[in-house]
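J.: sequence below, structure please.
(one chain, ligands or ions: 1)
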Amino acid sequence: MCAGAFFMGQVFFGEKPGFAPNFSPKLAFPPRVCYNGGMERVNFHAQMLETLKTVPQGEKLLLHSCCGPCSSRCLEALKDAFAVTVFYYNPNITDAAEYAHRKSEQLRFLQETGWADFLDCDYAPQEFFSAAAGLEGEPEGGARCYECYRLRLERTARTAAERGFGWFCSTLSVSPHKNAAWLNEIGAALGQKYGVRWLYNDFKKQNGYLRSVRLAEEYGLYRQNYCGCLYSDWTKRPSDGKTK
Ligand code: SF4
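T.: Residues are numbered from 1 along each chain as shown. Below you'll find the predicted structure:
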């Protein structure tokens, strides 16, 4: 269990990661069929801004977050429109110490800002290895990442439905390394499946990524220079300190 459990008004623990019994993630979405399926030119950020104008006060949103730095900009954008709970489900971070470090930084950021509640999961890297099976050699940004997005968003959508959230979303699009079209495609499909509204987004727009860097500096947050999994392409990237 997380050592950061003590501070927030609402902190929840102990959900067992896993899919619904009869659901196969690799069959539910045909692999590679819908990649970039016509959504590339959609301005998801503008769409989100329009939605935020119309959301009634107090609506609950479950925000999947990969790390503190990425959550910073997203929470800044969402906190006045929604009652946000950060959902930390990242079995893709295959190194346990790295996982613990990122989570502790996420918790510290929430403690210092009070911008959201926090909902934790048990650490279960085997969930990621199952989703990535057969795709280990894929380049970063390829089919393995698509499955990785889907794994994390699926769990978020299902949890949102189980816990009475009206909306769900993810911080992943704030990174220039993540594919917003895929994320929105997957999120929208899962929203339909679970009956929870997906908040279309592309948080990197309007200098969103830069803003996340600035906020991370302001709060002294640890910023990793690789994405998370064992297969992340961190060895080939310049050590520019960019959060993935
Ligand atoms: S590189 Fe990142 S997004 Fe892709 S599979 Fe690994 S952890 Fe997931």
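J.: name the residues of stretch 119-132 that are buried.
T.: The neighbour-count check on stretch 119-132 (16 or more other CB atoms under 10 Å) flags Leu119, Asp120, Cys121, Tyr123, Ala124, Pro125, Glu127, Phe128, Ser130, Ala131, Ala132 as buried. In this view, the C-beta of every residue, glycine as well, is placed from N, C-alpha and C.
J.: so how far is Asn90 from the last one?
T.: Spelled out, that is Ala132. 13 Å (CB to CB, to the nearest Å).
J.: over to the third one?
T.: In this view, Cys121 and Asn90 are 8 Å apart by CB to CB.
J.: farthest-separated two in the buried residues of stretch 119-132?
T.: Leu119 and Ala132 (24.0 Å; CB to CB).
J.: does the helix of greatest length in the chain reach the ligand?
T.: Counting residues, the longest helix in the chain under DSSP state H turns out to be helix 143-162. Yes. Residues of helix 143-162 contacting the ligand under CB under 6 Å from any ligand atom: Arg144, Cys145, Cys148.
J.: dump the residue contacts of the last one.
T.: What it means is Cys148. Asn92, Phe128, Ala131, Ala132, Cys229 (CB atoms under 8 Å, 6 or more residues apart in numbering).
J.: tell me the secondary structure at the third one.
T.: Same thing as Ala131. helix (DSSP: H, G, I helix; E, B strand; the rest coil).
J.: for the chain, what spans make up the strands?
T.: For the chain, the strands defined by DSSP state E occupy 11-15, 60-64, 83-88, 117-121, 167-170, 197-198.
J.: most tightly packed of the ones you listed?
T.: Mean neighbours per residue, mean count of other CB atoms under 10 Å, is largest over these for strand 167-170, with a mean of 27.
J.: does it reach the ligand?
T.: No. Residues of strand 167-170 are not located near the ligand by CB under 6 Å from any ligand atom, the shortest gap being 11.5 Å.
J.: please apply the same query to stretch 214-225.
T.: No. Judged by CB under 6 Å from any ligand atom, stretch 214-225 and the ligand are separated, with a smallest distance of 10.8 Å.
J.: that stretch: end-to-end distance?
T.: By CA to CA, to the nearest Å, the extent of stretch 214-225 from end to end equals 16 Å.
J.: for that stretch, what is the average pLDDT?
T.: If you average the pLDDT over stretch 214-225, you get 96.
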